[in-house]
Each structure stands twice: as C-alpha cells, then as structure tokens.
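Student: take this sequence and fold it.
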Amino acid sequence: MTAGALLVVAFVGWELRANAPMLPMRFFRSRAFTLANAANFCLVGSMYGTLFFLAQYLQTALGFGPFGAGLRLMPWTGTLLICAPVAGNLADRLGERRFIAGGLLLQAAGMGWLALIASPDLAYPQMLLPLVISGCGISMAMPATQKVAVSAVSVREIGQASGAFNMLRQLGGVFGIAIVVSVFAATGSFGSPQGFTDGFGPAMAVTAGLALAGAAAALGAPGRRRADHASATTSTAPVPAPDLERSAGPAPDAVLSKAGGPSHN
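Tutor: Below you'll find the predicted structure:
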C-alpha cells in the first residue's frame with residue numbers, strides 16, 4: 001500500500017472518530033453527493049489530461065509556436081464563456097443530471113473523434129469541430145456537478161461540501177494527467193511528430209474513457225425530485241418543538257379515574 005493510500009485511510013479513520021470532523025463521512029451516504037463528486041472527478045481528469053497534451057500536440061506534431069498553439073486552443077476554452085451561463089440557467093429548470101451526463105458524453109465524443117483523426121499532417125480546421133464539441137460538453141457539465149454536490153447537504157454544511165468537492169477536483173486533475181502520461185509514455189515519444197502522434201491518439205482515447213465513466217456516474221445519480229426529498233429528510237435543521245398539550249399525555253384526573261382513585265365527577 002502506498003504512502004498516499006495510507007494517508008487517506010488515516011484521514012478517514014480520524015474523521016470518523018472526530019467530534020467535529022472537517023469532512024463528515026456521512027456526506028458520502030448521499031447518493032447525489034457521492035456520484036456528483038465521482039462525475040466531477042472524471043470530468044476534471046479528462047479535461048486536465050486533454051489540456052496537458054493538446055497544446056503539446058499543436059506544437060510538437062503540427063509545428064505551431066507557443067502563441068499560435070494558444071490561439072488555436074481558443075475554440076475549446078472559449079466555449080466556457082458562452083455555454084456555461086446558458087447551461088447553468090437551463091439546468092435550474094430542467095435538472096442537472098442530464099446536463100452532467102450529456103456534457104460528459106460530448107467531451108467523450110470530441111476527444112474520441114480527435115484520437116481517431118490525429119496525425120502529424122492534420123489540418124487545423126479538421127480539429128475545430130471536435131474541440132468545440134468537447135468544450136461545450138465541459139462547459140455544460142462543470143456548473144451542474146457543483147450544484148448537485150453542494151445541494152445534497154444542509155445549508156450550514158455547504159462550506160464543508162464545497163471544500164470536499166474542490167479537493168476531489170484537484171485529485172481528479174492529478175489522476176487524469178498521471179494516467180494519460182503513462183499511456184503516452186508506453187505508446188509514443190517526443191522524438192518526432194509521428195512518434196508524438198502515436199502516443200497522443202491513445203492518450204486522447206483515455207480522456208474519452210474518463211468522460212464516459214463520469215457520464216455513467218451521473219446517470220446513476222437520483223433525479224431532482226428524489227434528490228430534493230433525500231436532502232429534506234437528512235437535513236440537520238432544528239426540529240420544531242412538539243405540541244406540549246398533545247405530547248403530555250392524559251390529564252391527571254383521567255389517570256386517577258381509570259385507576260379507581262378519586263374523581264371530581
């Protein structure tokens with residue numbers, strides 16, 4: 001077992017025993033919270049893995065300079081400014097689950113397409129549509145995953161839920177880069193444009209697979225009505241005080257009368 005895994009186990013054990021845990025483990029009993037974080041983990045892993053190699057592909061394989069490569073990434077990154085606000089508003093009305101799953105499927109489609117057409121002499125216009133599809137998918141899924149995760153807990157626990165969400169987002173990014181680099185190292189090299197392309201295609205296929213895994217997690221999450229009901233039933237809000245007249249039981253005279261004692265009648 002690695003040192004990282006040991007630290008995770010130690011952290012979970014500490015949080016389970018702490019009187020005031022930094023991250024209450026009961027959050028993960030909520031299917032909405034757990035699966036939204038799983039979908040976000042895969043989403044960020046796919047996105048960071050794509051970002052790590054996409055700029056290098058434009059430079060190493062296609063021969064663009066750093067500035068030219070950055071400009072050619074704008075159709076992918078610029079979708080966030082357009083699609084994210086629209087998707088956020090629509091998700092409020094139509095439900096977040098379909099936007100998470102649909103967005104991740106678009107990311108998988110865009111990166112799968114790019115993996116199939118990658119070559120050292122690929123014309124940049126052929127990349128435009130896969131990049132736009134992928135960018136729109138990420139922009140759709142990202143705000144919806146966060147809303148589902150923080151909505152699964154009570155209002156006073158939103159800060160803790162948001163912290164867990166961001167922690168798992170960072171871990172997802174590290175995981176995504178690590179796995180695509182491992183695949184690239186096994187299949188490609190930086191020695192030539194063709195060698196880089198030989199590793200770039202499989203690496204993009206892995207990012208598509210991560211997105212598909214995230215879409216599967218999103219489809220397993222409860223719908224809006226079920227999630228709202230679960231949140232209401234597990235909320236830690238104060239319970240209203242009981243009606244004292246109803247909860248106090250029968251009056252003393254009635255008890256004495258039934259026991260055969262004195263009665264005022």
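Student: okay, buried residues for the strand or helix carrying residue 51 please.
Tutor: Assigned by DSSP states H and E, residue 51 falls within helix 31-56. Within helix 31-56, the residues that qualify as buried are 32-56, counting by 16 or more other CB atoms under 10 Å. For every residue, glycine as well, the C-beta is placed using N, CA and C.
Student: host element of residue 197?
Tutor: Secondary structure (DSSP H and E) places residue 197 in helix 193-220.
Student: right, and the helix or strand after the helix holding residue 51?
Tutor: Scanning the chain past helix 31-56 towards its C-terminal end, the next helix or strand to appear is helix 66-72 (assignment: DSSP H and E).
Student: run through who's touching that following helix.
Tutor: For helix 66-72, contacts defined as CB atoms under 8 Å, 6 or more residues apart in numbering pick out 55, 58-59, 64, 124, 127.
Student: what sits against residue 36?
Tutor: Residues touching residue 36, when contacts are defined by CB under 8 Å, 6+ apart, comprise 100, 145-146, 148-149, 152, 165, 218, 221.
Student: look up how far residue 161 lies from it.
Tutor: Distance of residue 36 to residue 161, given as CB to CB, to the nearest Å: 10 Å.
Student: buried set for the host helix or strand of residue 174?
Tutor: The secondary structure element spanning residue 174 is helix 158-187 (assigned by DSSP H and E). Taking 16+ other CB under 10 Å as the neighbour-count basis, helix 158-187 is seen to contain the buried residues 160-161, 164-165, 168-169, 172-173, 175-177, 179-181, 183-184.
Student: one more: stretch 77-91?
Tutor: Taking 16+ other CB under 10 Å as the basis for neighbour counts, the residues of stretch 77-91 that come out buried are 79, 83-84, 87-88, 91.
Student: hmm, who's touching it?
Tutor: Stretch 77-91 has contacts (CB under 8 Å, 6+ apart) with 99, 103, 132, 135-136, 138-140, 142-144, 147.
Student: filter these to the buried ones?
Tutor: Using 16+ other CB under 10 Å as the threshold, 99, 103, 132, 135-136, 138-140, 142-144, 147 are the buried ones among the contacts of stretch 77-91.
Student: export these to JSON lines and append columns for distance to residue 22 and pLDDT.
Tutor: Below are these laid out as JSON lines (distance: CB to CB, whole Å; pLDDT from 0 to 100):
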{"residue": "99", "distance to residue 22": "30", "pLDDT": "93"}
{"residue": "103", "distance to residue 22": "30", "pLDDT": "95"}
{"residue": "132", "distance to residue 22": "40", "pLDDT": "95"}
{"residue": "135", "distance to residue 22": "35", "pLDDT": "94"}
{"residue": "136", "distance to residue 22": "36", "pLDDT": "94"}
{"residue": "138", "distance to residue 22": "29", "pLDDT": "94"}
{"residue": "139", "distance to residue 22": "31", "pLDDT": "92"}
{"residue": "140", "distance to residue 22": "31", "pLDDT": "92"}
{"residue": "142", "distance to residue 22": "25", "pLDDT": "90"}
{"residue": "143", "distance to residue 22": "25", "pLDDT": "88"}
{"residue": "144", "distance to residue 22": "26", "pLDDT": "90"}
{"residue": "147", "distance to residue 22": "22", "pLDDT": "89"}
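Student: mind picking the two most distant members of these?
Tutor: Every pair in the buried ones among the contacts of stretch 77-91 was compared (CB to CB); the two farthest apart turn out to be 132 and 147, at 24.1 Å.
Student: any shared contact partners between residue 36 and residue 161?
Tutor: Jointly contacting residue 36 and residue 161 under the rule CB under 8 Å, 6+ apart are 149, 152.
Student: distance check, residue 23 against residue 11.
Tutor: Between residue 23 and residue 11 the computed distance is 8 Å (CB to CB).
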